[in-house]
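Q: Next comes the sequence, and after it the predicted model I'd like to discuss.
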Amino acid sequence: MPKQKQFLKDVKRKSKHAPQVPTTADEYLAAGVDFEEAGEKWRGGDAAKSTRFFVRAIDCYDEGLRKFPTSFDLAYNKARVQYELTQYPKLLKQLPGSLLDLLTTALDSSRYALKIEGEDADALFNTGQVLTSLAEVLSTTAGYDTDVQESFKLLEESMEIFGNCLSIQEKQYAEFLSRLAQYNSGKDPENPMPSVSTNNPDTTASPEAPEKEEWATVITPVTKEVILETILAQLETATNICSLLAQDPHVIEMVTAHIEPVVEKSRTYVEGTEKQIDLAIAQAKFVSAVTDAKYSNQPAGQGRAEEYVSIIENAWKPLDLGASAEGLSNRAEAFITCSNSIRISPEGETEKGSNIRWNLLTWANKDLKAASKFREDENIGKIYNMMGDVELWRFQLAAPPINLKAGIAHKATLVKNAETYYRGARVLTENGDPEQHNEASVKEVLAKALAGATNVWPGSPSPAAVHILEEVVDEGLVKVGQI
């Protein structure tokens, strides 16, 4: 998620409310923050009302920028809220325009903020996040080479920006530790600790004078946790590059060489924090992406499925993920990706390769079942859809022409399980993620058809349903002619 908003905190107020008609940059900032706080208040309940408040905040920051175009705080907050809205599916549904358009707008605003203050670590971090999200959307919107190359350019820029952000944060952290050490030693240097700077330092007032409002920008020190967030973002971006351009060995080598010192650096900061498991998951995801790319690029006939699985096991199996729905889902995805890479390789047609895939999918099923117990997780719909997918892949291993012995006796159960999980995903996303809801609705009907039901399609499938069915065939969940 984006870093915190820039805000002005009132030390002493005559009124509980910001001025009705802002006239200064600070007043526009205060009004915008008030709208944001109202939006946050309603985010868990009334999505439409919450979105309206956030949009008002954006409009307020935008109006302030037209009058005060060099106000970094206004520019930063506007860009941050624009991006934040794209990260909540319930709020995203309330906005006009596509996700691609909204992220493009957020990127333009982020670049504007950096033009004002290019060395602000929070602005750099958030810009890197927008670039990464935009690249992900571009890479999945269409399969054209132009989209892949554009996504790669965005991810490259994101890596560079995160690198700049990390350098600034490390410098600030070192300065903070130095000042703290001097302060503790009694040398009491000037400004030894982070302070709160005010734009109205004179708080003395005569009894007759009206009480003045005093505003202050709250400055927080850089911590190890903040630095680790940037390292995690770098690892995520590197993982996305490896997944996007898995067919290019030179890119994989370049990214690996770039990220190795970052991983080494993370060990300096992670000790004594609560980020150990997050870092371990991010590293395991990166190892999985690199290993998958190398397996996919191997010369035909080398047959390294067992080596691939061994690396994935060593990266993931030692991690205690019982308390992390995200971690369990990520590990399941790694097993699924490994299974599918083997499926489309020459080894996928062999009994040995099929048994390896069955084991991988069984591991994935176990992790997803554990993750599904976190019913309040924001990705619960995706988790249930993945559970259904795993059962259909295992069903296909038991079906001709593979006829894997481990699954033949369970074919009917597997397809019935898939139908149940897809139905669960559909119900759980009725008021949530529309993409996962549509996917679940189509796949539930598909599972019914595979189980032998007839007349399951009420008329011709919609264009959106046809697109999902095409993906289902491409992913090996169903074969042409089975339904």
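A: Received the coordinates, thanks. Since the model is a prediction, treat every value here as computed from it, not as a measurement. Residues are numbered from 1 along each chain as shown.
Q: Okay, Glu475 and Cys338: tell me how far apart.
A: Here the criterion is Cβ to Cβ, to the nearest Å. By it, Glu475 lies 14 Å from Cys338. C-beta coordinates here come from the backbone N, C-alpha and C atoms, glycine included.
Q: Also Val290?
A: 13 Å.
Q: quick one: which of Glu475 and Cys338 has more around it?
A: Cys338 (26 against 15; other Cβ atoms under 10 Å).
Q: quick one: which helix or strand includes that one?
A: The secondary structure element spanning Cys338 is helix 325-343 (assigned by DSSP states H and E).
Q: C-terminal to that helix, what's the next element?
A: Next helix or strand after helix 325-343 toward the C-terminus (DSSP H and E): helix 351-371.
Q: Specify the angle between that next one and helix 325-343 in degrees.
A: Here helix 351-371 runs at an angle of 170 degrees relative to helix 325-343 (axes from the mean of the first three to the mean of the last three Cα atoms, to 10 degrees).
Q: Run through the neighbouring helices and strands of the next helix or strand after helix 351-371.
A: Taking DSSP H and E as the definition, the helix or strand that follows helix 351-371 towards the C-terminus is helix 380-398. Other helices and strands packing on helix 380-398, by 3 or more Cβ pairs under 8 Å, 6 or more residues apart in numbering; DSSP states H and E, are helix 325-343, helix 351-371, helix 405-408, helix 411-428, helix 434-450.
Q: In JSON lines, list the ones you listed along with distance to Ile252 and mean pLDDT.
A: Conversion of these to JSON lines gives the following (distance: least, Cβ to Cβ, whole Å; pLDDT from 0 to 100):
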{"stretch": "helix 325-343", "distance to Ile252": "14", "mean pLDDT": "97"}
{"stretch": "helix 351-371", "distance to Ile252": "22", "mean pLDDT": "97"}
{"stretch": "helix 405-408", "distance to Ile252": "33", "mean pLDDT": "90"}
{"stretch": "helix 411-428", "distance to Ile252": "33", "mean pLDDT": "97"}
{"stretch": "helix 434-450", "distance to Ile252": "29", "mean pLDDT": "94"}
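Q: can you count the residues close to Ser441?
A: By the other Cβ under 10 Å criterion, the neighbourhood of Ser441 contains 19 residues.
Q: Please apply the same query to Ser110.
A: Ser110 has 27 neighbours, counted by other Cβ under 10 Å.
Q: in stretch 252-265, what's buried?
A: Of all the residues in stretch 252-265, those buried under the rule 16 or more other Cβ atoms under 10 Å are Ile252, Val255, Thr256, Ile259, Val262, Val263, Lys265.
Q: For the third one, list the residues it contacts.
A: What that stands for is Thr256. Val290 (Cβ atoms under 8 Å, 6 or more residues apart in numbering).
Q: Point me to the helix or strand that includes it.
A: Per DSSP H and E, the secondary structure element for Thr256 is helix 249-270.
Q: centre of the chain versus the helix or strand following that helix, how much separation?
A: Using DSSP H and E, the helix or strand that follows helix 249-270 towards the C-terminus is helix 276-296. With Cα atoms, centre = their mean, to the nearest Å as the basis, helix 276-296 stands 15 Å off its chain's centre.
Q: now do stretch 152-166
A: Worked out by Cα atoms, centre = their mean, stretch 152-166 lies 16 Å from the chain centre.
Q: swap in stretch 231-241?
A: Here stretch 231-241 shows a centroid-to-chain-centroid distance of 10 Å under the convention Cα atoms, centre = their mean.
Q: Strands along the stretch 1-150 of the chain, start to end?
A: Counting by DSSP state E, counting those that start in this stretch, the stretch 1-150 of the chain has these strands, from start to end: 8-12.
Q: Name the spans of it whose pLDDT lies under the cut-off.
A: 1-19, 142-146 (pLDDT under 70).
Q: what do you get if the cut-off is 50, keeping everything else the same?
A: 7-16, 144 (pLDDT under 50).
Q: burial of Leu392, as a residue count?
A: Taking other Cβ under 10 Å as the neighbour definition, Leu392 ends up with a count of 26.
Q: What residues does it make contact with?
A: For Leu392, the contacting residues are Leu414, Val415, Ala418, Ala447, Leu450, Leu477, Val478, by Cβ under 8 Å, 6+ apart.
Q: Now with 6 Å, please.
A: With Cβ atoms under 6 Å, 6 or more residues apart in numbering as the criterion, the residues that contact Leu392 are Ala418, Leu477.
Q: now swap in Leu102 and tell me
A: Taking Cβ under 6 Å, 6+ apart as the contact definition, Leu102 lies against Thr86.
Q: Tell me the spacing between it and Tyr112.
A: From Leu102 over to Tyr112 the distance is 16 Å, taken as Cβ to Cβ.
Q: what do you get for Ser178?
A: When distance is defined by Cβ to Cβ, Ser178 is 34 Å away from Tyr112.
Q: Those two: who's more crowded?
A: More neighbours sit around Tyr112 than around the other of Ser178 and Tyr112, counting by other Cβ under 10 Å; the figures are 17 against 12.
Q: Tell me how many other residues surround the residue lying closest to that one once chain neighbours are set aside.
A: Nearest in space to Tyr112, with sequence neighbours left out and distances taken as Cβ to Cβ, 6 or more residues apart in numbering, is Ala75 at 5.5 Å. When neighbours are defined as other Cβ under 10 Å, Ala75 has 27 of them.
Q: pretty sure Ala75 is touching Leu114, no?
A: No: applying Cβ atoms under 6 Å as the test, Ala75 and Leu114 come out as separate, 8.8 Å apart.
Q: ok, back up a step: quick one, the helix holding Cys338 and helix 276-296 angle?
A: Angular relation of helix 325-343 and helix 276-296 on a 0 to 180 degree scale: 10 degrees, by the same axes, to 10 degrees.
Q: Give me the distance from helix 325-343 to the chain's centre.
A: Mean-position distance between helix 325-343 and its chain equals 17 Å (Cα atoms, centre = their mean).
Q: What are the buried residues along it?
A: By 16+ other Cβ under 10 Å, the buried positions in helix 325-343 come out as 325-343.
Q: ok now stretch 228-235, how far from the chain's centre?
A: Chain-centre distance of stretch 228-235: 12 Å, with Cα atoms, centre = their mean.
Q: Please enumerate residues in contact with that stretch?
A: For stretch 228-235, the surrounding residues in contact (Cβ under 6 Å, 6+ apart) are Phe162, Cys165, Leu166, Val262, Ser266, Tyr269, Lys275, Ala282, Phe286.
Q: mind running it again at 7 Å?
A: By Cβ atoms under 7 Å, 6 or more residues apart in numbering, the list of residues contacting stretch 228-235 from outside reads 125, 128-129, 159, 162, 165-166, 169, 259, 262, 266, 269-270, 273, 275, 278-279, 282-283, 286.
Q: just the buried members of these?
A: Judged by neighbour count, with 16+ other Cβ under 10 Å as the criterion, the buried members of these are 125, 128-129, 159, 162, 165-166, 169, 259, 262, 266, 269-270, 275, 278-279, 282-283, 286.
Q: I'd like the distance from Tyr43 to Leu85, if you could.
A: One thing to correct before we go on: residue 43 is Arg, not Tyr. Relative to Leu85, Arg43 is positioned 10 Å away (criterion: Cβ to Cβ).
Q: ok, now Glu378?
A: Shown here: Glu378 relative to Leu85, a distance of 15 Å by Cβ to Cβ.
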